[in-house]
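Q: fold the stuff below for me.
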Amino acid sequence: MDRIYFDNAATTSLDSAVLEAMLPYMTTQFGNPSSIYSYGRETRLAIENARKSVAKILNAHPGEIFFTSGGTESNNTAILSAIRDLKCTHIISSPIEHHAVLHTVEYYGSTDTVTHSFVKLLPNGQVDLQDLEQQLASRDARCLVSLMHANNEIGNILDIQAVGNICKKYNAIFQSDCVQTVGHYQIDLRETPVHFISGAGHKFHGPKGIGILYINDNVEVKPFIFGGGQERNMRAGTENLYGIIGFAKALELAMAHHEEDSRYIQSLKDYMIEQLQQQIKGVQFNGDYKGKSLYTVLSVAFPKTEKSEMILFNMDMKGVCVSGGSACSSGAEQGSHVIRAVNNNPNLVTVRFSFSKQNTKAEIDKVVATLQEIL
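A: A predicted model of the protein is given here:
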């Protein structure tokens, strides 16, 4: 059975050109980048060239790019650094952040020295910027604002520029989880008032286990892993050499074809919205799906029936890979904190479809037909 893969916001397939770029560093060019002989110098050079390439695409300085194990580590590091090194004693975040931020904020924000609060959300799930400004204005403590650039479940995109400007006005530190946007949108870090952003290679056809943390030159933070002094003494441990090569190559390819790919993927999303509205009764969509929203993500709510409750399982049986999350919490399925926050309707079952350049309209037709059959 041919599988249809519509879960690209969870992870994407590795591009063959990315694998090709990585292979030499898994075979012949295996030197430890910290060694002083030629084998080591070659791999050290490859890492620094990858860093320059990533920095150039994001319009950052190479010294502002740190390679990490992925988005989760980058988010954790930024939040800890803001508290420990930049003396932030209050964190403002949102109830719909990825758990890599939400759980970190809740952990540090419930200590004796740090507090936290959430911004209000508008009915479409967008962050209420007025509420953010009021919260910042009402606090004397130095604040960290941690808000994701785009939501991984409903696709809403934050006006990162506007948030950065509000943070500037109140001398707050701004950290943004950009895992769903790095590799999918043009990001210009010279022009964006943000102190930390994170990205992850496997969201744009790169390898898993590699990410970046951007730390703006104007903030001074201490090392986050101690040891051998790698990553300019900030993150010790032998570098994930082939992961770094793969990340840079994937980002380069993603941005080289960004315009045509994003147009094509947006057309798939629009087509799916249209087909679902025509073919399936009572269908709804979560978030700001026709406004400021990821072209890769569509969050669909189906009326709850005995048949729709098992929808993910039944789709999987028919070879369709999608992810779920709904307002209920039954058994092991705790439901999704994001859906609960934006559409807390127990009579709806949510499915997230997320697309890549490898998907087709024919696959959408098959999926819609499968949904009709199941429901």
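
Q: just confirm Ser176 contacts Gln161, I think it does.
A: No - here Ser176 does not reach Gln161: they are 11.0 Å apart, not a contact under CB atoms under 8 Å. The way it works is simple: take the backbone N, C-alpha and C, and place the C-beta from them, glycine included.

Q: higher neighbour count, the two?
A: Per other CB atoms under 10 Å, whichever of Ser176 and Gln161 has more neighbours is Ser176, with 27 against 13.

Q: and the residue lying closest to Gln186 once chain neighbours are set aside, what does it touch?
A: Once flanking residues are discounted, Gln186 sits nearest to His258: 6.9 Å by CB to CB, 6 or more residues apart in numbering. If you count contacts by CB atoms under 8 Å, 6 or more residues apart in numbering, His258 has them with 184-186.

Q: out of the residues you listed, which are buried?
A: Among the contacts of His258, those buried by neighbour count (16 or more other CB atoms under 10 Å) are 184-185.

Q: which residue ranges of the stretch 51-200 of the chain form helices?
A: If DSSP state H, counting those that start in this stretch is used as the criterion, the helices of the stretch 51-200 of the chain fall at 71-84, 99-108, 129-137, 160-169.

Q: buried ones in the shortest one?
A: For helix 129-137, a neighbour-count test (16+ other CB under 10 Å) marks 129, 131-133, 135-136 as buried.

Q: from Ile273, how far off is the residue lying closest to Asp288 once chain neighbours are set aside?
A: In space, Asp288 comes closest to Asn124 once its chain neighbours are excluded; the distance is 4.3 Å by CB to CB, 6+ apart. The spacing between Asn124 and Ile273, counted by CB to CB, to the nearest Å, is 15 Å.

Q: re the thing from before, comparing the helices of the stretch 51-200 of the chain, which comes out most buried?
A: helix 71-84 (a mean of 24; mean count of other CB atoms under 10 Å).

Q: what's the average pLDDT for that one?
A: In this model, helix 71-84 carries a mean pLDDT of 98.

Q: contacts for that helix?
A: By CB under 8 Å, 6+ apart, the residues outside helix 71-84 that reach it are 68, 88-89, 91, 98, 100-101, 104-105, 108, 114, 144, 146, 173, 175, 177, 179, 195-196, 198-200, 211-213, 215, 219, 221-222, 224.

Q: one more time with 6 Å, if that's ok
A: With contact meaning CB atoms under 6 Å, 6 or more residues apart in numbering, helix 71-84 is reached by 68, 88, 100-101, 104, 108, 114, 144, 173, 175, 177, 179, 196, 198, 200, 211, 213, 221, 224.

Q: and for stretch 49-58?
A: Residues outside stretch 49-58 that contact it (CB under 6 Å, 6+ apart): 62, 65, 187, 189, 244-245, 248, 251-252, 255.

Q: tell me which of those fall in strands.
A: Among those, DSSP state E puts Ile65 in strands.

Q: which one of the contacts of stretch 49-58 sits closest to Gly282?
A: The nearest member of those to Gly282, counting by CB to CB, is Ile187 at 37.9 Å.

Q: ok, that closest one to His149 distance?
A: Applying CB to CB, the value for Ile187 to His149 is 8 Å.

Q: which one of these two is surrounded by more residues?
A: Per other CB under 10 Å, whichever of Ile187 and His149 has more neighbours is His149, with 26 against 23.

Q: show me what contacts the more buried one?
A: Neighbouring residues of His149 by CB under 6 Å, 6+ apart: 158, 160, 176, 178, 181.

Q: gap between it and Ser74?
A: Distance from His149 to Ser74, counting by CB to CB: 13 Å.

Q: next: Gly237.
A: 15 Å.

Q: and if you look at His337?
A: Taken as CB to CB, the span from His337 to Ser74 is 21 Å.

Q: report pLDDT for Gln334.
A: The model reports Gln334 with a pLDDT of 67.

Q: likewise Gly325?
A: For Gly325, the pLDDT comes out at 63.
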